[in-house]
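Asks: here's my sequence, what's the structure:
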Amino acid sequence: MQKKLYKDRSTGMLCGVLSGMAQFFKVDPTILRVAYVILSFVSASFPGLIAYLIMAAIMPDKNDVGHDDYTVE
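Replies: Sure, this is the predicted structure:
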């Protein structure tokens, strides 16, 4: 099965981008969220916020493409 990256709004905090990425990479979403916040505050102009907004706009939602159960094997 080919792995695909989707937003997961069911377990996401805002748009589900980091939750979907956590499922894709098989890590805890909290780890990605903490790393994202730390990296966003360390950088001077918040490029992470811009990247997050772009990903939220272009990443498909798992329910929109017909995936009710997102399991990566």
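Asks: residue ranges with poor pLDDT in the chain?
Replies: Within the chain, the stretches with pLDDT under 70 are 1, 10-12, 44-46, 63-73.
Asks: would you list every one of the helices in it?
Replies: 17-25, 29-42, 47-58 (DSSP state H).
Asks: and the angle from the first one to helix 47-58?
Replies: Computed by axes from the mean of the first three to the mean of the last three Cα atoms, to 10 degrees, the angle separating helix 17-25 from helix 47-58 equals 80 degrees.
Asks: export helix 17-25 as PDB, just CAs?
Replies: Extracted C-alpha coordinates of helix 17-25, given in PDB (Å, rounded to 0.1, in the frame of the first residue of the first chain):
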ATOM      1  CA  VAL A  17      -1.900  19.100   9.300                       C
ATOM      2  CA  LEU A  18       0.500  18.000  12.100                       C
ATOM      3  CA  SER A  19      -1.800  15.200  13.100                       C
ATOM      4  CA  GLY A  20      -1.800  13.900   9.500                       C
ATOM      5  CA  MET A  21       2.000  14.200   9.300                       C
ATOM      6  CA  ALA A  22       2.300  12.300  12.600                       C
ATOM      7  CA  GLN A  23       0.300   9.500  11.200                       C
ATOM      8  CA  PHE A  24       2.300   9.500   8.000                       C
ATOM      9  CA  PHE A  25       5.600   9.300   9.900                       C
END
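Asks: for that helix, packing partners?
Replies: Contact here means 3 or more Cβ pairs under 8 Å, 6 or more residues apart in numbering; DSSP states H and E; on that basis helix 17-25 packs against helix 29-42, helix 47-58. For every residue, glycine as well, the C-beta is placed using N, CA and C.
Asks: quick one, which of these is nearest to residue 17?
Replies: helix 47-58 (4.8 Å; Cβ to Cβ).
Asks: could you identify which of the helices of the chain is most buried?
Replies: Comparing the helices of the chain by mean neighbour count (mean count of other Cβ atoms under 10 Å), helix 17-25 ranks first with a mean of 20.
Asks: so that one versus helix 29-42, what angle?
Replies: Going by the same axes, to 10 degrees, helix 17-25 makes 130 degrees with helix 29-42.
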